[in-house]
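Trainee: Any chance you can model this:
(2 chains)
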2 protein chains.
Amino acid sequence: MRKIEICVSPELIHLYETKGKNVVIVDIFRATSTMMAALANGVESITPIMDLETCRAFASKGYTIAGERNGLKAEGFELGNSPLAYLNHAFAGKKIAMTTTNGTLAIEKTKIDANLVLLGAFVNLKATAKYLIGQTEDVLILCAGWKGKFNLEDSLYAGALVSSLHPNFDTDCDSAIALKSLYESNSHRLQIFLGQASHAKRLQNHNIEADIDFCLSIDMYDIVGILSGEELIAKHS
Amino acid sequence: MRKIEICVSPELIHLYETKGKNVVIVDIFRATSTMMAALANGVESITPIMDLETCRAFASKGYTIAGERNGLKAEGFELGNSPLAYLNHAFAGKKIAMTTTNGTLAIEKTKIDANLVLLGAFVNLKATAKYLIGQTEDVLILCAGWKGKFNLEDSLYAGALVSSLHPNFDTDCDSAIALKSLYESNSHRLQIFLGQASHAKRLQNHNIEADIDFCLSIDMYDIVGILSGEELIAKHS
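Mentor: Model prediction:
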């Protein structure tokens, strides 16, 4: 039976085999949620980029550039990391170049030898689960975390995805067993439980509660976000 | 208020401040449980050692040597890593030199600048909590994990200790929030839940279910295990 694993931090990814697996990158607050909002609202593609300079240079190639560091919009960028900016098809048809504190690093670390790289977010949880069930490969969920540390929102999503894939996938991965249980015992109070998370508190300090609410909305979209070459694009599940 | 954090793997310890903290090292299956069994049964001291060769050399200095790799007794060692070997005061009065796959590494990584290094085990959970509450320092729990990965039994103990320290300690650490919840929702079925753990399965393959049962017994001992110089010794809580 196909296997599923969770890696709770990009700093532990060297301990996992990524080759040939379908890897789901999770950065709930807010990179992967924002990317899904963009793709669901007609953005043509998103090119994830590691550093601010390289990303900024994409402006001259006709890209809309989005840059975030430590929760705030980076200087000289048109967009930060808020999913709300993409609603109502505000950037439909555009190509976006995006760099974020944690999310783009996680994509970078796995894209070389993964079979597929997908975006994990609550906003399209069921669609991603359905898509993965339709494939034949093992799944590795990589939580972007916060500067290398375990974080609550990415871990809960990872647990939610393991729960959604059950019983189509089997696991002997302790983090998958633990986080499936954590999600299932807290799914009825996700917003309250996540209100304790360190990252939610950081975002509240920036007055972006609406972003948090958006990122914790489940199953708004029925598409998946998937890496094709160097670009993330939408695909129907 | 004093703070408590959990680091889920020795490979993430560089992300945490250890200086001046009381650090609790956790390696439930079986290093820290075995060390507590030894100390509670009259062993004078345990010297944790990183490598097999150095540990073996302690035999000529009058130490009883204990060595484990990958769950099995290492060649040429009198003892492996079973807590049962120390029961009934079998090694009372002896000095033990011990090396294990994960546990001794975790001690090594934190002993330099921690205020205190303590052994975390279910067999003396309450005693350790009581001792930490009586001190003034912040607490960092370091899970030894399995070869760098998150593991279920160490994580559940870490959650149990956070739960036991509540409300004397505060936390803004996501792994502490997550694992406290994980422990509290599974404490009524700890053995069943942990039966799924990858390490428990490895130990079952070695026919040492009795070791597992021992390591999951809560509050058998009312002493703490604490590093004093290069030796772990017993102290009353």
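Trainee: For the residue of chain A positioned farthest from its centre, list the residues it contacts.
Mentor: Going by CA atoms, centre = their mean, the residue of chain A most distant from its centre is A:Ser60, 26.8 Å out. A:Ser60 makes contact with no residue, according to CB atoms under 8 Å, 6 or more residues apart in numbering or on different chains. Yep, even glycine has a C-beta here, placed from its N, CA and C like the rest.
Trainee: Let me know the pLDDT of A:Asn207.
Mentor: pLDDT, A:Asn207: 65.
Trainee: Format the CA atom coordinates belonging to the one helix or strand A:Gly67 maps to as CSV.
Mentor: Using DSSP states H and E, the element containing A:Gly67 is strand A:64-69. Output of strand A:64-69 as CSV, limited to C-alpha atoms (Å, rounded to 0.1, in the frame of the first residue of the first chain):
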residue,chain,number,x,y,z
THR,A,64,3.9,41.0,-11.0
ILE,A,65,6.2,40.6,-8.1
ALA,A,66,5.3,39.5,-4.6
GLY,A,67,7.8,39.6,-1.7
GLU,A,68,7.4,38.9,2.0
ARG,A,69,9.9,38.7,4.8
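Trainee: Now do that strand: which elements does it pack against?
Mentor: Judged by 3 or more CB pairs under 8 Å, 6 or more residues apart in numbering or on different chains; DSSP states H and E, strand A:64-69 is in contact with helix A:52-57, strand A:95-99.
Trainee: so can I have TSV of these showing mean pLDDT and distance to B:Leu194?
Mentor: Output for the helices and strands packed on strand A:64-69, formatted as TSV (pLDDT from 0 to 100; distance: least, CB to CB, whole Å):
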stretch	mean pLDDT	distance to B:Leu194
helix A:52-57	96	45
strand A:95-99	97	41
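Trainee: tell me the most buried of those?
Mentor: strand A:95-99 (a mean of 24; mean count of other CB atoms under 10 Å in any protein chain shown).
Trainee: Following element in sequence after it, please.
Mentor: Next element after strand A:95-99 (DSSP H and E): helix A:103-110.
Trainee: In the sheet, which residues pair with A:Ile46? Tell me.
Mentor: Per DSSP bridges, the residues bridged to A:Ile46 are A:Ile96, A:Leu232.
Trainee: List the contacts of it.
Mentor: Contact analysis of A:Ile46 by CB under 8 Å, 6+ apart lists A:35, A:38-39, A:95-98, A:225, A:231-233.
Trainee: ok, the residue nearest to A:Thr34 when sequence neighbours are not counted to chain B distance?
Mentor: Spatial nearest neighbour of A:Thr34, excluding adjacent residues (CB to CB, 6 or more residues apart in numbering or on different chains): A:Pro83 at 4.2 Å. Plainly put, A:Pro83 is 21 Å away from chain B if you go by CB to the nearest CB, to the nearest Å.
Trainee: Would you map the strands across chain A?
Mentor: Using DSSP state E, the strands of chain A run over residues A:4-7, A:22-26, A:45-48, A:64-69, A:72-73, A:95-99, A:116-120, A:139-143, A:223-228, A:231-236.
Trainee: tell me, which of the ones you listed is the model least confident about?
Mentor: The minimum mean pLDDT among the strands of chain A belongs to strand A:72-73 (a mean of 90).
Trainee: Listing partners with orientation, what would you give for it?
Mentor: Sheet pairing here is set by DSSP bridges, and for strand A:72-73 it gives strand A:64-69 (antiparallel).
Trainee: so the residue nearest to A:Thr34 touches A:Asn41, yeah?
Mentor: No: assessed by CB atoms under 8 Å, A:Pro83 is found out of contact with A:Asn41, at 9.2 Å.
Trainee: who's more crowded, those two?
Mentor: Between A:Pro83 and A:Asn41, counted using other CB atoms under 10 Å in any protein chain shown, the more crowded position is A:Pro83 (24 against 18).
Trainee: what residues are up against that one?
Mentor: Applying CB under 8 Å, 6+ apart, we find A:Pro83 in contact with A:30, A:33-34, A:36-38, A:123, A:211, A:214-215.
Trainee: quick one: low-confidence parts of chain A?
Mentor: Scanning chain A with the threshold set as pLDDT under 70 gives A:205, A:207.
Trainee: residues from it in reach of chain B?
Mentor: Taking CB under 8 Å from any CB of the partner chain as the contact definition, chain A meets chain B at A:8-9, A:11-12, A:15, A:146-152, A:155-156, A:172-175, A:177-179, A:181-182, A:185-186, A:193, A:196-199, A:201.
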